[in-house]
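[1] The sequence and its predicted three-dimensional model are supplied below.
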Amino acid sequence: MPLTDLDRSLYEWQLDVPGFGESGQEKLRSSTALISRAGGLGGPLAFSLAAAGIGKLVIAHAGDLRLDDLNRQILMRHDDVGKPRAESLAATLRAFNPQVEVEVIPENITEANAAELVAKADIVFGAAPLFEERFLMNRECVRQGKPLIDCAMFSLEGQILPIVPGQTPCLACLYPEIPEHWKRRFPVIGAVSALAANIGAMEGIKLLAGFGEVSLNRMIYFDTATMRFQQIQVQRNPDCAVCQHVSL
Amino acid sequence: MMPLMGQVNFSYTGQLAAAAGVAEVVLDFSDDAVPLRRVLDELASRHGSKWGELIFDDAGQVRSTLLVIFDGAQVSGDKEDLTLDGVKSVMLMTPIAGG
Ligand SMILES: [Zn+2]
């Protein structure tokens, strides 16, 4: 569907980005993104995708906002403490860009809902704190041939891994089992989660709109303690239990 | 920092850096083809048991979830059999998630 006058006004500044243009905007507007968890990563991810004019956001998150979420969950408000986080995020997004459809799923990713949720989306953003959820998303994205942008953070560091099934390693290629020492609670500063989220958002926008160079087969790693940014070449595992039989 | 001849720069990310208390060490080797496993054992005794637990599993093997990066590229294959032949930098990464 061609852009409307409102679209042209709203997105005027980005329509001038080389390689993006009206065709990129149209592709973005006809796309749906699933974001697993409305946290320090998922919030800024959703915000930047909404700002860019994605067609629809599906946000999956169970649970209410806590006071100690607010150092990094910058789309929430102090008054939202004790209220469902995904609903608060959706309200902010709808007020920010009413053009974007926002669907709230008040559940985290589980074995029971993963296939159905991934099927709703053209692209998935992994922003969950637990590997059990990330692995489920990874498996479903590989099964359904959907790109997954896995975003992660710890302390002052971030990692972003764009996954295109059959073309790049999947999450299980890198980590064949649940990491034993990863804990739900970890140190982080909000600017770091927003940075990781925005790098992930940009990779997703490029993938959907078909411009620029997506960091395929290269995990993006940054450390804000030293401001070291690096792309690490990663490889498919020929014995990967999830993606070994997938080819393009 | 840039390693000199014979030096290998080891850097740690995430929980490994937190456990070691440093994000980087530079080691000197006179031998070219030093087994990675031997260096990991030495580093584990230097950095303490918490660091060692992130690197080795209960059976004493290098964890399947440890990413080993030689000169900017992930190394595949059996991590027990790797050598540092010509390698200038080794990055050890443990998985992180966040949310
Ligand atoms: Zn795989």
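    Looks like it came in fine.
[2] can you list contacts of stretch A:102-110?
    Residues outside stretch A:102-110 that contact it (C-beta atoms under 8 Å, 6 or more residues apart in numbering or on different chains) are A:36-37, A:50, A:56-63, A:84, A:86-87, A:89-90, A:93-94, A:113, A:117, A:120, A:128, A:133, A:136-137. Any C-beta I mention is one placed from the backbone N, CA and C, and that applies to glycine too.
[3] how does it look with 7 Å?
    By C-beta atoms under 7 Å, 6 or more residues apart in numbering or on different chains, the residues outside stretch A:102-110 that reach it are A:36-37, A:56-62, A:84, A:86-87, A:90, A:93-94, A:113, A:117, A:128, A:133, A:136-137.
[4] out of those, which are buried?
    Buried by 16 or more other C-beta atoms under 10 Å in any protein chain shown: A:36-37, A:56-61, A:84, A:86-87, A:90, A:93, A:117, A:128, A:133, A:136-137, out of the contacts of stretch A:102-110.
[5] Read off the pLDDT value for residue A:184.
    pLDDT for residue A:184: 79.
[6] again but with residue B:76, I slipped
    Here, the pLDDT recorded for residue B:76 equals 89.
[7] Would you quantify the distance from it to residue A:234?
    Taking C-beta to C-beta, to the nearest Å as the measure, residue B:76 falls 9 Å from residue A:234.
[8] What of residue B:42?
    27 Å.
[9] Where does the closest residue to the ion within chain B sit, in terms of helix or strand?
    Proximity of chain B to the ion (C-beta to the ion) peaks at residue B:76, 12.0 Å away. Assigned by DSSP states H and E, residue B:76 falls within no helix or strand.
[10] need the residues of chain A near the ion, please.
    A:170, A:172-173, A:240, A:242-243 (C-beta under 5 Å from the ion).
[11] what ranges do the helices span in the chain?
    Answering for chain A, as no chain was given. A:5-10, A:12-15, A:21-29, A:42-52, A:85-96, A:114-119, A:131-144, A:171-174, A:190-209 (DSSP state H).
[12] Let me rephrase: I mean chain B.
    Secondary structure of chain B (DSSP H): helices at B:14-20, B:36-47, B:49-55.
[13] Wondering if stretch A:161-181 reaches chain B at all.
    Yes - applying C-beta under 7 Å from any C-beta of the partner chain, one finds stretch A:161-181 touching chain B at A:174-177, A:179, A:181.
[14] Run through the contacts of stretch A:102-110 and flag the ones next to chain B.
    Among the contacts of stretch A:102-110, the ones lying near chain B by C-beta under 7 Å from any C-beta are A:37, A:128.
[15] Assess the claim that residue B:12 and residue B:20 are in contact.
    Yes - when contacts are counted by C-beta atoms under 7 Å, residue B:12 is listed as touching residue B:20 (5.6 Å).
[16] show me the contacts for residue A:18.
    Counting by C-beta under 7 Å, 6+ apart, residue A:18 has no contacts.
[17] what's near enough to touch residue B:96?
    A:152-154, A:159, B:14 are the contacts of residue B:96 under C-beta under 7 Å, 6+ apart.
[18] go again using 6 Å as the cut-off
    Neighbouring residues of residue B:96 by C-beta atoms under 6 Å, 6 or more residues apart in numbering or on different chains: A:152, A:154, A:159, B:14.
[19] is it possible to export the residues you listed to a markdown table including distance to residue B:70?
    Shown next, in a markdown table, are these (distance: C-beta to C-beta, whole Å):
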| residue | distance to residue B:70 |
| --- | --- |
| A:152 | 22 |
| A:154 | 22 |
| A:159 | 18 |
| B:14 | 18 |
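[20] who wins for most neighbours among those residues?
    Highest neighbour count within the contacts of residue B:96, by other C-beta atoms under 10 Å in any protein chain shown: residue A:152, with 30 neighbours.
[21] Is that residue bridged to anything, and to what?
    According to DSSP bridges, the partner residues bridging residue A:152 are residue A:159.
[22] follow-up on the earlier one: who has more neighbours, residue B:42 and residue A:234?
    The neighbour count for residue B:42 versus residue A:234, taken as other C-beta under 10 Å, is higher for residue A:234 (22 against 12).
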